[in-house]
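Participant: Need the 3D shape of this:
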Amino acid sequence: MKKPQLVFACNIADENARKRIEQWVDIKEVTVDSPQSLLEECRDADGIIVGYTSHPMITREVIDGVAGLRLVGTTYGGVRQNVDDQYALSSGLTVIHTGASRVRPMAQYTLALILSSLMHIHLYHHDMRAGEQWPRFKYPRGRILQDRSVGVIGYGRIGEGIVRMLQSFTSHVAVCSRHLSAEVAADARVSLKSLNELCADAEIIVLAGGYNPETHHMIGREQFARMQQDALFVNIARGKMVHEAALIEALQASKIYAALDVFEEEPLPADSPLRQSDRVLLTPHRANNAIEFEQRWETLADEIEAFYSGKQPDSSLNAERARAMSES
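Facilitator: Sure, this is the predicted structure:
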């Protein structure tokens, strides 16, 4: 029996994953740079997988132009940058991604940001590298994470992974999520709070949700005003979810601390006031940089195996999940 054809608009970088995928489909790897060139390579495809590019690839035209198409997906943790996911779903397609491979690396990166910020490790490192001989007493005393109150905004894959890791340090974990029921929150041993309640009650606040028009500037002056004195605000989600001018005001007023991996404008402008504050830890959007993210190929093989064996892939989207994901 002839296997269905799965087109990869990228090179499969893991040989073991390739062998697993080949058990189910005939792989066709192509090099394309536009939806039009992709379509020309996919006329007989049962499925299309694309890598990350700066522009859409699996568009309506591609979806409509491939008569037997059933499966579309990406090799990275999201889809919207490269796939018209809502149209794909409305067309009856299964949409998959490799988000599961990002959970542990991003959760541990978040933990590193928290611990370094609480103990001022990044500041001591910078000062000693800059030539200060022994800046032992330059900054306030540090804090440990144990038993502190933590709030996580967003409870998708990443948010849930962060919550589980933080529960190794504290039982005082709250979540703000429009998609989390009281029953699931109770099973996860977290308290469910509104955004403003969480900002007021938590000493450490982690933004981990998806960016879309509804979450643009969801953290602004009102939320920073509600935060406790010396609260730590951590953003590993998207910069545009935060009103950056309001964040800068809160830092300049010595109201809060912050650890930021993402910014409204990227790269962060050289003259940004964020670069001048001792109350903020900055990293250049690298929370998903761990080598373990390359386990995405095995994750993708899992998803393809599930689909072609008649099961529902773990990452397959529905319309609600797709709307909640970041647009990039």
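Participant: what pLDDT does residue 172 get?
Facilitator: Listed pLDDT for residue 172 reads 98.
Participant: Low-confidence ranges, the stretch 201-328 of the chain, go.
Facilitator: For the stretch 201-328 of the chain, applying pLDDT under 70 flags the ranges 325-328.
Participant: all strands of it, in order?
Facilitator: 204-207, 231-235, 256-260, 280-282 (DSSP state E, counting those that start in this stretch).
Participant: any idea of the angle the second one forms with strand 256-260?
Facilitator: For strand 231-235 and strand 256-260, the angle between their directions (axes from the mean of the first three to the mean of the last three Cα atoms, to 10 degrees) works out to 20 degrees.
Participant: which helices and strands does strand 231-235 pack with?
Facilitator: helix 103-119, strand 204-207, strand 256-260 (3 or more Cβ pairs under 8 Å, 6 or more residues apart in numbering; DSSP states H and E). (Glycine included, C-beta is placed from N, CA and C.)
Participant: does residue 193 really touch residue 205, like I thought?
Facilitator: No - assessed by Cβ atoms under 8 Å, residue 193 is found out of contact with residue 205, at 11.0 Å.
Participant: Could you check which of the two is surrounded by more residues?
Facilitator: Using other Cβ atoms under 10 Å, the more surrounded residue of residue 193 and residue 205 is residue 205, with 29 against 19.
Participant: which residues of the stretch 51-200 of the chain fall in strands?
Facilitator: Going by DSSP E, counting those that start in this stretch, the stretch 51-200 of the chain shows strands at 71-74, 94-96, 150-153, 173-176, 191-192.
Participant: Need those strands in TSV (columns: mean neighbour count and distance to residue 27).
Facilitator: TSV is the format used below for the strands of the stretch 51-200 of the chain (neighbours: other Cβ atoms under 10 Å; distance: least, Cβ to Cβ, whole Å):
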stretch	mean neighbour count	distance to residue 27
strand 71-74	28	13
strand 94-96	23	16
strand 150-153	28	39
strand 173-176	24	40
strand 191-192	18	44
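Participant: thinking again about what came up before, which of the helices and strands packed on strand 231-235 sits closest to residue 5?
Facilitator: helix 103-119 (30.7 Å; Cβ to Cβ).
Participant: Now find how far off-centre that closest one is within its chain.
Facilitator: 14 Å (Cα atoms, centre = their mean, to the nearest Å).
Participant: What segments of this structure are helices?
Facilitator: 15-22, 35-41, 60-65, 85-90, 103-119, 121-129, 157-166, 182-187, 195-201, 221-226, 244-252, 296-308, 319-324 (DSSP state H).
Participant: Residues touching the last one, excluding its own?
Facilitator: Where contact means Cβ atoms under 8 Å, 6 or more residues apart in numbering, the residues beyond helix 319-324 that reach it are 79, 80, 85, 86, 89, 90, 95, 156, 179, 209, 210, 212.
Participant: Pull out the buried positions in it.
Facilitator: Buried residues in helix 319-324, counting neighbours by 16 or more other Cβ atoms under 10 Å, are found at 321, 322, 324.
Participant: circling back to that earlier point, find residues that contact each of residue 193 and residue 205.
Facilitator: Shared contacts of residue 193 and residue 205, counting by Cβ under 8 Å, 6+ apart, come down to residue 151.
Participant: any idea how far the nearest residue to residue 144 once chain neighbours are set aside is from residue 137?
Facilitator: Distance criterion Cβ to Cβ, 6 or more residues apart in numbering; nearest residue to residue 144, sequence neighbours excluded, is residue 118 at 6.7 Å. For residue 118, the distance to residue 137 (Cβ to Cβ, to the nearest Å) stands at 17 Å.
Participant: okay, those two: which has more neighbours?
Facilitator: residue 118 (18 against 7).
Participant: residues in contact with that one?
Facilitator: Per Cβ under 8 Å, 6+ apart, neighbours of residue 118: 142, 143, 144, 145, 204, 232.
Participant: Show me which of those are buried.
Facilitator: Buried among the contacts of residue 118 by 16+ other Cβ under 10 Å: 143, 145, 204, 232.
Participant: For residue 239, find the nearest of the strands of the stretch 51-200 of the chain.
Facilitator: Taking the strands of the stretch 51-200 of the chain one by one with Cβ to Cβ, strand 150-153 is closest: 14.2 Å.
Participant: model confidence over the closest one, on average?
Facilitator: On average, strand 150-153 scores 98.
Participant: Give me the distance between residue 319 and residue 229.
Facilitator: 42 Å.
Participant: Likewise for residue 165?
Facilitator: 26 Å.
Participant: Please identify which of those two sits among more neighbours.
Facilitator: Each of residue 165 and residue 229 has its neighbours counted (other Cβ under 10 Å); residue 165 has more, 17 against 8.
Participant: Surely that one touches residue 106?
Facilitator: No - look at residue 165 against residue 106 with Cβ under 8 Å: they stay out of range, at 10.0 Å.
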